[in-house]
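[1] Structure for this input, please:
(2 chains)
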Number of protein chains: 2
Amino acid sequence: MNEQPHSHHMSVEEFRRRGREVVDWIAEYYREIESFPVLSRAKPGEILAALPPDPPAQGECFDAILRDVDEIILPGLTHWQSPNFFAFFPANTSGPSILGELLSASLGVQGMLWATSPACTELEMRMLDWLVGMLGLPETFLSHGKGGGVIQDTASSAALCALLAARERATGGESNEQGCNGLLTAYASAEAHSLVEKAVKIAGIGRRNFRSIDTGAGHSLEPAALAQAIARDRREGKIPCYVCATVGTTSSTAMDPLRAIGEICREAGAWLHVDAAMAGTAALCPEFRWIHDGVELADSYAFNPHKWMFTNFDCDCFWVADRAALVGALSVRPEVLRNPATESGAVIDYRDWQIPLGRRFRALKLWFAIRHYGVEGLRAEVRRHIALAQTFAGWVREDSRFELAAPAPLNLVCFRHRAGDDANLALRDRLNASGDLYLTHTRLDGRLALRMSIGQAHTEFRHVERAWRRIREEAARLSLAPGSD
Amino acid sequence: MNEQPHSHHMSVEEFRRRGREVVDWIAEYYREIESFPVLSRAKPGEILAALPPDPPAQGECFDAILRDVDEIILPGLTHWQSPNFFAFFPANTSGPSILGELLSASLGVQGMLWATSPACTELEMRMLDWLVGMLGLPETFLSHGKGGGVIQDTASSAALCALLAARERATGGESNEQGCNGLLTAYASAEAHSLVEKAVKIAGIGRRNFRSIDTGAGHSLEPAALAQAIARDRREGKIPCYVCATVGTTSSTAMDPLRAIGEICREAGAWLHVDAAMAGTAALCPEFRWIHDGVELADSYAFNPHKWMFTNFDCDCFWVADRAALVGALSVRPEVLRNPATESGAVIDYRDWQIPLGRRFRALKLWFAIRHYGVEGLRAEVRRHIALAQTFAGWVREDSRFELAAPAPLNLVCFRHRAGDDANLALRDRLNASGDLYLTHTRLDGRLALRMSIGQAHTEFRHVERAWRRIREEAARLSLAPGSD
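    Predicted coordinates:
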């Protein structure tokens, strides 16, 4: 923003005016959000074709830009913040979080080093310490000891950083020096997120050294199968270095048994990373904290406030019980980044805790969200979502045409029409094409299941009730008979 | 935002009111920004101690949050957007970019798949295509062919993705399957950013397989030394797979000779990645496009609009000439992400072009910035910064107590007082402690140099002039004699 006349920059006064217009635009968007089809109806290439092939030579008026947001962008959006969005996992946001992100973009500070904005690092330390208590996580994760927490962009990056730390610890740093040698092995359940396999590939460990472990009851990792796989690898001279346990799988919120897995990891000297990306938020409520039983055996843990805790993407919180291996894996110290604070050893430089060097001030939005809601407010909203999901699961149980496809411990209900896979896909496509709601599918025990994921900030009883009505209506129109395919 | 009474969520009307307050806060911040010490004076632990040890149980009023931004956060900021910020590289932003980020946070869409918001993917494709023309990059980078562009968070992630693609291509996918085998080698100049070494470590290639190549005149990579290193590695049975050339090194904006390096890479079958993170923006101006001579030999290229193109962090633009190896290296396709659009093969799913799965709508802010300024407006601002730097370099040349430490082809001037390293460090610390400006140092030819990096949006002649006056004043107070240490 600029005070000079004839500058190309937006003046402070124009920013004030345009900023208010954008705030008003957003307010109207949220008022109207239920009037848009949830899943965009754009055809491939349609938005691209509506955008000019070349950039403007001269600057354009902000009015023209906002008009194009309405006319070109809006029809190409899938409305993740709609209360009728039940697909994937939520990626909910909130007013205070949005305003925290706005402030962060405006301050434009870099948090790569403590010195490049001390508040960016120290507010992040405090937020991550707060969350240790809020989720009932082990005290070893607190920043004043050997451990600590950091904000990553996503659970994928957190799991990768954990794997790099595990690799570092297992090889005494040799993997960083000599490169991988084909001996390290990594483990996760067959229901774990694909991010584990992706991390294994990126880290040079190789997909053949990744073990997809059988699941047992409720689609959770079978500890005996893990122990067998590790023992077999050790006999063959492999070095089991990393186990990723999932608290709330993507398919069905299955809960891996952390305590049993943790004991196996301790015995084997393997790093235990816990991925609680979506479900971790439930641990805000004492009555759901059982999902973390055994988490004190974890070397690292991640959950995403940007999924279910009203904090806009990206915001993954990642903790380690001992930061030495993480920093050892990721630290490179060039001359241009040397500074008195770093050399004093008295500060944390978060660049050594992540893949990128630069980092923006993401703790602001988390601080805004936690303070706006308060712990009790967050708990109330989480309980509300879980209650809605349980109500929905009850309706499924009572309707003989449908069945639950998996246990529904929290806010995700996996269900299916009894008419088989093709019928369920057709049902999904008709519902999504209607624009009334958006839900996605998975495959459990070899069979298709629809996923009703409840976690958008503004989803209320009436939205869930209508979704169930629409599901039954479309099923009736398909004239589905149980087992018809 | 919510219309319900007694909800914990911020209501639409409260969002409108609070949004305006935050916009006003930001406008005032930009008005007052020159009154703050550029480098924060906070002591380690000071901000942390000012923040409560526990989160609030009940939600707090937004007034209290904004008050704490003023009282606790502001003193802990290093003001990157200050016109007196001359440290590192710029990470400039602008009104339109900030408002694009605000809109992105509010829409809260995920761009992991085309289907999860078609506009998010297609606006990004169009922006990256626009920039190919704007920077004079090769047409192979355009999205309608085999190549294409994508927004990454940082140049570090871009260089890592390029390395993973290089690894994939060099081994025919075996590195993903079997893991790294200690044979792959990677190369960059001794002046390249530490991100190359970090990527080599992360990818499991190992630091011992990273070759730091000598630089010649002007601190740019010496092609003969690269050719020798590659030949030596091949004789020893290694597989040279990746060269990272730098257009504008971090230390001194040295320009690696892309054409000579590209020819060596072609002959050796190695992937050429070009890191033009900061300097790439200069190529908006035809008269600076010489920095890209030979870029048509590159397999991939990255530059950061979040450094010098008035687009707030994070926004790194990354292109590949052939996306097959990139997607091959990074693609994992679980059932939950299957959808009709992906299966049709008619769309790009950007999750396969990056480390994380999730991604926010970053193209919006780039679109807002390019349209607000227009190509000519961006060029004018870049030319203005370069002219300011050249003026500063002229002053250094004319003062016998100082000397230039490296050529200054663009907007960075490396210089030193002739009194030696300790004197220059003392000068840096006095200037930074004064709060009047912030600059950082580097080491060139074994000697310390101060870096005057000019690229903040609102830096004008008067700021550069004052910086030079303050440098001379503090040097005089130190009573420095040439060669006194």
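[2] And the strands in the stretch 1-150 of chain A?
    Along the stretch 1-150 of chain A, the stretches classed as strands by DSSP state E, counting those that start in this stretch are A:148-152.
[3] what about it, any weak spots by pLDDT?
    A:1-6 (pLDDT under 70).
[4] In contact with the closest residue to chain B within the stretch 151-300 of chain A, which residues are there?
    Going by CB to the nearest CB, chain B is nearest to A:G204 of the stretch 151-300 of chain A, at 1.8 Å. Placement of C-beta: from N, CA and C, glycine included. Going by CB atoms under 8 Å, 6 or more residues apart in numbering or on different chains, A:G204 touches A:179-180, B:167, B:175, B:179-180, B:203-205.
[5] List the contacts of A:S400.
    A:S400 neighbours (CB under 8 Å, 6+ apart): A:R418.
[6] if we can go back for a sec, please report which of the contacts of A:G204 has the highest neighbour count.
    The residue in these with the most neighbours, by other CB atoms under 10 Å in any protein chain shown, is B:G204 (31 neighbours).
[7] before we move on, what SS does that residue have?
    coil (DSSP: H, G, I helix; E, B strand; the rest coil).
[8] Grab the nearest non-local neighbour of the residue of the stretch 151-300 of chain A closest to chain B.
    B:G204 (1.8 Å; CB to CB, 6 or more residues apart in numbering or on different chains).
[9] Stretch A:16-33 close to chain B?
    Yes. Applying CB under 8 Å from any CB of the partner chain, one finds stretch A:16-33 touching chain B at A:16, A:18-20, A:22-27, A:29-31.
[10] Give me the buried subset of those residues.
    Neighbour-count burial (16 or more other CB atoms under 10 Å in any protein chain shown) applied to these gives A:16, A:18-19, A:22-23, A:25-27, A:29-30.
[11] With distance to A:L337 added, can I get these in a markdown table?
    Below are these laid out as a markdown table (distance: CB to CB, whole Å):
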| residue | distance to A:L337 |
| --- | --- |
| A:R16 | 36 |
| A:R18 | 36 |
| A:G19 | 34 |
| A:V22 | 35 |
| A:V23 | 37 |
| A:W25 | 40 |
| A:I26 | 37 |
| A:A27 | 42 |
| A:Y29 | 41 |
| A:Y30 | 42 |
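[12] how about those residues, which pair is most distant?
    For those, the maximum inter-member distance is 21.8 Å, found between A:R16 and A:Y30 (CB to CB).
[13] any residue of the helix or strand in which A:Q228 is found up close to chain B?
    Secondary structure from DSSP states H and E places A:Q228 in helix A:223-235. No. If you take CB under 8 Å from any CB as the test, helix A:223-235 misses chain B, and the best it gets is 13.6 Å.
[14] what helices or strands is that helix leaning on?
    Under the contact criterion of 3 or more CB pairs under 8 Å, 6 or more residues apart in numbering or on different chains; DSSP states H and E, helix A:223-235 touches strand A:184-189, strand A:210-213, strand A:239-246, helix A:258-268.
[15] Correct me if wrong, but A:V332 is in a strand.
    No. According to three-state DSSP, A:V332 belongs to no strand; its state is coil.
[16] Check whether it really touches B:E197, as I assumed.
    Yes. Contact criterion CB atoms under 8 Å: A:V332 and B:E197 qualify, at 5.2 Å.
[17] Run through the helices of the stretch 251-400 of chain A in chain order.
    A:258-268, A:305-308, A:324-330, A:340-344, A:363-398 (DSSP state H, counting those that start in this stretch).
[18] Let me see the contact set for the closest residue to A:H292 other than its chain neighbours.
    Spatially, and ignoring its direct neighbours in sequence, A:H292 is nearest to A:A283 (5.4 Å; CB to CB, 6+ apart). Residues in contact with A:A283 (CB under 8 Å, 6+ apart) are A:135-136, A:276, A:289, A:291-292.
[19] Within range of chain B, give me the residues from the stretch 351-485 of chain A.
    A:355-358, A:360, A:364-365, A:367-368, A:370-378, A:380-381, A:429, A:440-443, A:451, A:457-458, A:460.
[20] Narrow these to just the buried residues.
    A:355-358, A:360, A:364-365, A:367-368, A:370-375, A:377-378, A:381, A:440-442, A:451, A:457-458.
[21] Give me the pLDDT for the residue nearest to A:G204.
    Listed pLDDT for B:G204 reads 95.
[22] okay, now A:G59: neighbour count?
    So A:G59, with other CB under 10 Å, has 18 neighbours.
[23] In terms of residue numbering, what are the domains of chain A?
    A:109-360, A:368-477 (automatic domain parsing).
[24] and the end-to-end length of the last one?
    End-to-end distance of domain A:368-477: 46 Å, with CA to CA, to the nearest Å as the criterion.
[25] again with stretch A:434-454
    End to end - CA to CA - stretch A:434-454 spans 19 Å.
[26] same deal with stretch A:134-142?
    Span of stretch A:134-142 from end to end, CA to CA: 12 Å.
[27] before we move on, what about stretch A:280-292?
    Stretch A:280-292 has an end-to-end distance of 8 Å (CA to CA).
[28] Noted, bye for now.
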